[in-house]
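S.K.: Below are the sequence and a predicted model for it; my questions follow.
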Amino acid sequence: MAPNGQTRSKLAADGADPGSSWTLLTNHGHVLVCIARDPDVLLADLASEVGIRERAAHRIVTDLVDAGYVTRTNTAAGTTTSSRRTCRCATRSNDHI
């Protein structure tokens, strides 16, 4: 029950609690998931999906490339990114992202 004695609201359609002030994944995590789903995703679409500006999406992709989580390949059709690193957590070290 909520502090005011009322029951908590139902979860939103996407499963998130509308009253929650935190999320499980950082923007870096969200970007990594989007790239894993669609390596050919455009930065503008990536930014829109995550809910950040295109400039922030570019900075995050650069961070992920520099950290070795994704690779960036330039092709005739444009730039393609792909995830390629395993989890850092010792208990999940065999899981690939």
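M.R.: Arrived safely, thanks for sending. Given the structure is predicted, the values throughout are model-derived calculations rather than measurements. Numbers count the residues shown, from 1 in each chain.
S.K.: rest of the way, CA atoms for contacts and neighbours
M.R.: OK.
S.K.: Now do the strands in the protein.
M.R.: For the chain, applying DSSP state E gives strands covering 70-75, 78-83.
S.K.: pLDDT (mean, whole number) over the last one?
M.R.: Spelled out, it's strand 78-83. Strand 78-83 shows a mean pLDDT of 59.
S.K.: go on, stretch 40-55?
M.R.: For stretch 40-55, mean pLDDT rounds to 93.
S.K.: Report the separation between the two terminal residues of that stretch.
M.R.: Start-to-end span of stretch 40-55 (CA to CA, to the nearest Å) is 18 Å.
S.K.: in it, what's buried?
M.R.: 40-43, 46-47, 50, 54 (16 or more other CA atoms under 10 Å).
S.K.: closest to Val61 among those?
M.R.: Leu43 (8.9 Å; CA to CA).
S.K.: For the closest one, which residues are in contact?
M.R.: With contacts defined as CA atoms under 8 Å, 6 or more residues apart in numbering, the neighbours of Leu43 are 54, 57-58.
S.K.: want to try JSON lines for the residues you listed, with distance to Asn74 as columns?
M.R.: Shown next, in JSON lines, are these (distance: CA to CA, whole Å):
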{"residue": "Glu54", "distance to Asn74": "19"}
{"residue": "Ala57", "distance to Asn74": "18"}
{"residue": "His58", "distance to Asn74": "15"}
